[in-house]
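K.L.:
okay, sequence plus prediction incoming.
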Amino acid sequence: MMVEGASGMATIEFFAGGTRACVSVQLEGFLPILGHLHKGPIDGNGDVVIDLTPFIEGTNFVGCLPIEPELAADVLFDPLNYYFNFHQAGVGPDGPLPGFFMALRGNLG
């Protein structure tokens, strides 16, 4: 389920010959508990290629991690084949719904 009224921007930069990725995320109307960069079309369920969850601190966060240079090259070559996906816990009338996530997605291109 997508979250209405939520928006955000995430950027990814590559350093050290493509062996280090740094991600910057700013979200509004959305409090993430999980975040990933996926490979595949935005309307599918692509494989996770970078886990952003360890960097999540509220709605604005940054993080850097080592990656394989082949991944950096592929993202730069075909950015529309990658997307960011963030999840927040679902909330019902009685509070959080365990195991239910709402998503915010966006392409790199």
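P.N.:
Received it, and whenever you're ready, just let me know what you need. What you are looking at is a predicted structure, and each value in this text was computed from that prediction instead of being measured.
K.L.:
buried ones in stretch 40-50?
P.N.:
42, 46, 49-50 (16 or more other C-beta atoms under 10 Å). C-beta here means a position set from N, CA and C on the backbone, and glycine is covered the same way.
K.L.:
give me the beta-bridge partners of residue 86?
P.N.:
Judged by DSSP bridges, the bridge partners of residue 86 are residue 35, residue 104.
K.L.:
neighbours of it, how many?
P.N.:
Using other C-beta atoms under 10 Å, residue 86 has 27 neighbouring residues.
K.L.:
hang on, it packs against residue 8?
P.N.:
Yes: the criterion here is C-beta atoms under 8 Å, and residue 86 meets it with residue 8 at 7.4 Å.
K.L.:
re the thing from before, ok, so of the buried residues of stretch 40-50, who is nearest residue 79?
P.N.:
Checking those against residue 79 with C-beta to C-beta, the nearest one is residue 42 at 11.5 Å.
K.L.:
hang on, the closest one in a strand?
P.N.:
No: read with DSSP: H, G, I helix; E, B strand; the rest coil, residue 42 is coil and lies in no strand.
K.L.:
find the nearest non-adjacent residue to it, please.
P.N.:
Nearest residue to residue 42, sequence neighbours excluded (C-beta to C-beta, 6 or more residues apart in numbering): residue 83, at 4.4 Å.
K.L.:
and the helices in the protein?
P.N.:
Remark: helices assigned in the chain by DSSP state H are 69-77.
K.L.:
where in it is pLDDT low?
P.N.:
Across the chain, residues meeting the criterion (pLDDT under 70) sit at 1-4, 90-109.
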